[in-house]
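> I would like the atomic coordinates for the input below:
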Amino acid sequence: MKIFLKKRYSPRLAIFSAFLLLIGIFFIFSQPGQLEADSLTAASATLSNPRFSFSGQVDVGASFGTIAINIKTAGNIADKNTNHLFPKDPIAIGPIGDLTVSSVVDTDTFMVGIGLTVPVSDSDPIYATQSGTLTVTATTANNIPANGDIIVTIPDPATNVNDGAPDTAASTTDNGFDFNSITTTNITCPTGANWSVTSATAGNGTTGHKIICTTNAEVLAGTSLTMVIGDGTQGLINPAPIYSGHTQGLADTYTITIQTRDLSDNVIDDVNTKVAPIEAVLVSATVDMTLTFQVQGVATGTSVCGAAATVTTTPVSVPWGTISTADVFRNAAQRLTVTTNAEDGYSVKIEENDQMGKNGKVCTGAAASEALSCIMDTTCNVGTPCSQSVASEWIDPANYHGLGYSLQNVDGSDAAFLYNSDNCTATLGGGTGSFCAKQVPDQEVTPTAETKEIIMSNANPVNSKDIYTCYRIAVSGTQPAGYYYNKVKYTATATF
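Take a look at the predicted model:
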């Protein structure tokens, strides 16, 4: 016979069990859990100078005074050619700093501006350092409490993290930026009086370089923060390319970490952003050295040097024609135009093979006159005579005959002297000259030819600068009849 006992219900036990359950639930939900950091938004990291540093090695060695440097083309070396080395790059070779690349000869040789001051050895380092600032920007997702901070971590190389020289390694994992002795004075914190630099610490080969700015007041979510690492006097030194697997023209990418933290250094927000150093591009072109010189004729009636031209010239002739009236000026001109890109400008000189001789005869000596069947070079008016080098006023065709010239600027101020120059006033006792003239330098004069005269010049490059060369002639009533001529030459010279 089975006996069944009925379990007795206990209200007190039920109440106690319910109480324990509530306590457990309260305990579970009241425990502080670890907050997961949100991501900073609008984050960026920008290098002011994204160019790789150059890191090579001397091949064989070089003696004192050497200016041509050869580099190694194989081995665990970042730069095994000169493709990333440009003229005017500052460069250090072995123990010698403050050198400058003057030119790149070929893929494994470059020239320095001055000779080596001490010999260098095989495998000595060659550095062309590139440095600049790093600007990081991010927007907070959560509030930063008072005495919280923002910390930026920059990749450091495995060794030599703070020696002021660019670094390289087999991969970006072991490579990074040299801290270059940056201190807190070279750091710019986010704007606002509540921010200040707490520390700027070089890495140890694994930790990364760390820069911290601290706020003494709460910073609200949605606030944009900008930090600048480095300044005009001290900046991060960019890495050289990695020496294994790097392709020129393809950036090596490095991760910059930005975090905000509370006063206990718990991370509030964080983000990883990238920077990508790469080789610079040398944009080059060779511009031909140019000199364009043109002589153009001037038509009758054109106003030149204060008078109307009485004959029409061509680029190759000043045809006075038949002079039937004595003691009267005839005027003519040619227009000279110069264009050159010469750094030191140009000059145009004038000369004549001889004075105008009847049928081209030789007019011996500077004073050959009509008695020798020559139209002599003018001596200008009474007073200081003009010569090939001295200008004087010439306005009297009745008493002063011959051939002479003056100058007028068409544009610019390249003429060597002017027809209305003040230096002609001494002849006339004051006022501005009306036809300040010179003789054309005579190459026949013996024993020494007269010096060619500059009639047009400029110390800089010019584009289409023009002057008039104004010729004037007058003969006396006793000038022997006949056909007279000589040859005038212009010589244009550019100084490159």
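> so where's the chain uncertain?
1-37, 382-383, 423, 425-432 (pLDDT under 70).
> Downstream of the longest strand belonging to the chain, the next helix or strand is which one?
As assigned by DSSP state E, the longest strand anywhere in the chain is strand 462-474. On the C-terminal side of strand 462-474, the nearest following helix or strand under DSSP states H and E is strand 484-485.
> From the contact counts, what lies against the longest strand of the chain?
The contact analysis (3 or more CB pairs under 8 Å, 6 or more residues apart in numbering; DSSP states H and E) places strand 462-474 against strand 330-340, strand 402-411, strand 453-458. All C-beta spots, glycine's among them, are computed from the backbone N, C-alpha and C.
> let's see it at 6 Å
strand 330-340, strand 402-411 (3 or more CB pairs under 6 Å, 6 or more residues apart in numbering; DSSP states H and E).
> so can I have TSV of those showing distance to T384 and mean neighbour count?
What follows is the helices and strands packed on strand 462-474, written out as TSV (distance: least, CB to CB, whole Å; neighbours: other CB atoms under 10 Å):
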stretch	distance to T384	mean neighbour count
strand 330-340	23	22
strand 402-411	14	22
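> how about these, which one is nearest I96?
For the helices and strands packed on strand 462-474, the distance to I96 is smallest for strand 330-340, at 39.9 Å, taking CB to CB.
> what helices or strands is the closest one leaning on?
Secondary-structure packing of strand 330-340 (3+ CB pairs under 6 Å, 6+ apart): strand 291-297, strand 462-474.
> just the ones you listed: most buried one?
The highest average neighbour count among the helices and strands packed on strand 330-340, using mean count of other CB atoms under 10 Å, belongs to strand 462-474 at a mean of 21.
> Run the angle between that strand and strand 453-458 for me.
150 degrees (axes from the mean of the first three to the mean of the last three CA atoms, to 10 degrees).
> Strand 462-474 pairs with which strands, and in what direction?
Using DSSP bridges, the strands paired with strand 462-474 are strand 330-340 (antiparallel), strand 402-411 (antiparallel).
> With only the CA atoms kept, save that strand in CSV.
C-alpha atoms of strand 462-474 as CSV (Å, rounded to 0.1, in the frame of the first residue of the first chain):
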residue,chain,number,x,y,z
VAL,A,462,63.1,91.7,-73.1
ASN,A,463,60.1,91.1,-75.3
SER,A,464,59.9,93.2,-78.5
LYS,A,465,61.8,96.3,-77.4
ASP,A,466,62.0,98.9,-80.2
ILE,A,467,64.0,102.0,-81.0
TYR,A,468,64.5,104.2,-84.1
THR,A,469,68.0,104.7,-85.5
CYS,A,470,67.6,108.1,-87.0
TYR,A,471,70.1,109.0,-89.8
ARG,A,472,70.8,112.6,-91.0
ILE,A,473,72.8,113.8,-93.9
ALA,A,474,73.7,117.3,-95.3
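> State the phi and psi torsions of the residue nearest the centre of the chain.
The residue lying closest to the centre of the chain (CA atoms, centre = their mean) is K88, at 10.7 Å. With angles defined as degrees, to the nearest 10, K88 sits at phi 80, psi 0.
> do you know how far it is from Q355?
K88 sits 55 Å away from Q355, going by CB to CB, to the nearest Å.
> again with A62
63 Å.
> of the two, who's got more company?
Q355 (28 against 23; other CB atoms under 10 Å).
> list the contacts for the more buried one?
363, 368, 374, 376-377 (CB atoms under 6 Å, 6 or more residues apart in numbering).
> Repeat the analysis, applying 10 Å as the threshold.
Q355 makes contact with 361-369, 372, 374-377, 402-403, 439-440, 442, 444-445, 484, 486, according to CB atoms under 10 Å, 6 or more residues apart in numbering.
> ok, of these, which come out buried?
361, 363, 366, 368-369, 372, 374-377, 402-403, 439-440, 442, 444-445, 484, 486 (16 or more other CB atoms under 10 Å).
> quick one: I67 and S102 touch, right?
Yes. Between I67 and S102 there is a contact under CB atoms under 10 Å: 7.6 Å.
> one step back: tell me which of the helices and strands packed on strand 462-474 sits nearest to N147.
So among the helices and strands packed on strand 462-474, strand 330-340 is nearest, using CB to CB, at 68.5 Å.
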